[in-house]
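In: need coordinates for the below:
(one chain, ligands or ions: 1)
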Amino acid sequence: MRVEFLLICFGLIGGTVTARQTGADPTPPAGHRMPGAPPVVTITAREYAFDGPDSVESGPTVLRLVSAGREQHFLGLVKLSGSHTLADYSRVLSWKVLPPWVIAVGGVGTIAPGGTATTTLVLEPGLYAMVCDMEDAQGTPHMRKGMLRSLTVLPRANGAVMPTPDVKIDLTEFAFMAPETLPAGLRLVEVRNAGSQPHMALVWRLVSSGSASAVIHWLDNPSDTSHPVVLVGGVPDLAPGRGAQLQLPLQVGHYLMICLVGDTPGQTAHYHKGMIKEFTVVPMGGR
Ligand SMILES: [Cu+2]
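Out: Next up is the predicted model:
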């Protein structure tokens, strides 16, 4: 069914990505919450733990990931369906193909130390696991060192409604159905897995010399230390039919969206099959 988390991040593990975060915090202003606005749940990643609430109300929720560590982290969110527990999930973490009761519902894509990124998800009641499978210098996945934590989503609803996105992007085998340009500013980008395999949509800003082909070369060759991207955020594994809304602080320049999932059963990375899409951010009102 779905590819193990270990496969999805193979391009990022081992410290190959050392780009820095933009530093912009896309979180909506704190303080009074507008009626119907999704509540913001902050989760802090460090070596090696997630700090955050144990339970939240159900409904549209802004997941804000703050990296307080020295390494890169991400927040993978999986729903443990049926009556399965975190201990059950811990036992299957290393399986090549996860059992069908583990449902990838997104989370927040990889960010650099000191970075922040947010994703809005509709959280259904149930038990979830938060997981980071980036590897430390010795090759041990962070989830085996403590970055595995449960989150209970309560039946009680938070009453929020999903904000209207600026743009909707479908993920398919094997493409991002995305526009060529987006206006600068804080953009709400809704992504939906319209395919039959898990997909992700990580968002990276290209440095001035960067290009999609340079990024592929960098991912595929550990000796390539060019770091052609800045990590902006995005959403990790989404099961078919699942969606998420990204809050992207876009600056004028060149970006790309990429999927690092490995194709089943061949496990060729999806970005080798077309899931790498460059887009240009243009000045507001510009052409
Ligand atoms: Cu994909």
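
In: got a list of what the closest residue to residue 206 other than its chain neighbours touches?
Out: Of all residues not flanking residue 206 in the chain, residue 254 sits nearest, at 4.3 Å (Cβ to Cβ, 6 or more residues apart in numbering). Bear in mind the C-beta positions are built from the backbone N, C-alpha and C, glycine included. Neighbour list for residue 254: 205, 206, 210, 278, 279, 280, 281 [criterion: Cβ atoms under 8 Å, 6 or more residues apart in numbering].

In: which bits of the protein sit near the ion?
Out: Counting by Cβ under 5 Å from the ion, the residues of the chain lying close to the ion are 199, 259, 261, 270, 275.

In: where does the protein have low pLDDT?
Out: Scanning the chain for pLDDT under 70 picks out 1-33, 264-266, 286-287.

In: what about 80?
Out: By pLDDT under 80, the weakly predicted segments of the chain are 1-34, 94, 96-97, 209, 263-267, 285-287.

In: so how far is the strand ranked longest in it from its chain's centroid?
Out: Ordering each strand of the chain by length in residues (DSSP state E) puts strand 55-67 first. In terms of Cα atoms, centre = their mean, to the nearest Å, the centre of strand 55-67 is set 13 Å apart from its chain centre.

In: and residue 188, how close does it get to residue 49?
Out: Using Cβ to Cβ, to the nearest Å, residue 188 is found at 30 Å from residue 49.

In: need the strands for the stretch 1-150 of the chain, in chain order.
Out: Listed in chain order, the strands of the stretch 1-150 of the chain (DSSP state E, counting those that start in this stretch) span residues 2-3, 40-46, 49-51, 55-67, 73-80, 97-98, 102-111, 116-123, 126-131, 148-157.

In: would residue 214 count as being in a strand?
Out: No. Membership of residue 214 in a strand is not supported by DSSP: H, G, I helix; E, B strand; the rest coil, which gives helix.

In: could you tell me how many residues sit around it?
Out: Residue 214 has 16 neighbouring residues, counting by other Cβ atoms under 10 Å.

In: sorry, back to before: which among the strands of the stretch 1-150 of the chain is found nearest to residue 166?
Out: Nearest of the strands of the stretch 1-150 of the chain to residue 166, taken as Cβ to Cβ: strand 116-123 at 12.8 Å.

In: re the thing from before, partner strands of the longest strand of the chain and their direction?
Out: Strand 55-67 sits in its sheet next to strand 40-46 (parallel), strand 116-123 (antiparallel), strand 148-157 (parallel), going by DSSP bridges.

In: give me whichever of those strands is most buried.
Out: For the strands paired with strand 55-67, average neighbour numbers computed from mean count of other Cβ atoms under 10 Å are highest in strand 116-123, which has a mean of 25.

In: contacts for that strand, please.
Out: Outside strand 116-123, the residues that touch it by Cβ under 8 Å, 6+ apart are 21, 25-27, 38, 40, 56, 58-67, 77, 105-109, 111, 153, 162-163, 188, 232-235, 244-247.

In: recalculate using a threshold of 7 Å.
Out: 25-27, 38, 56, 58-66, 105-109, 111, 153, 162, 232-233, 235, 244-247 (Cβ atoms under 7 Å, 6 or more residues apart in numbering).
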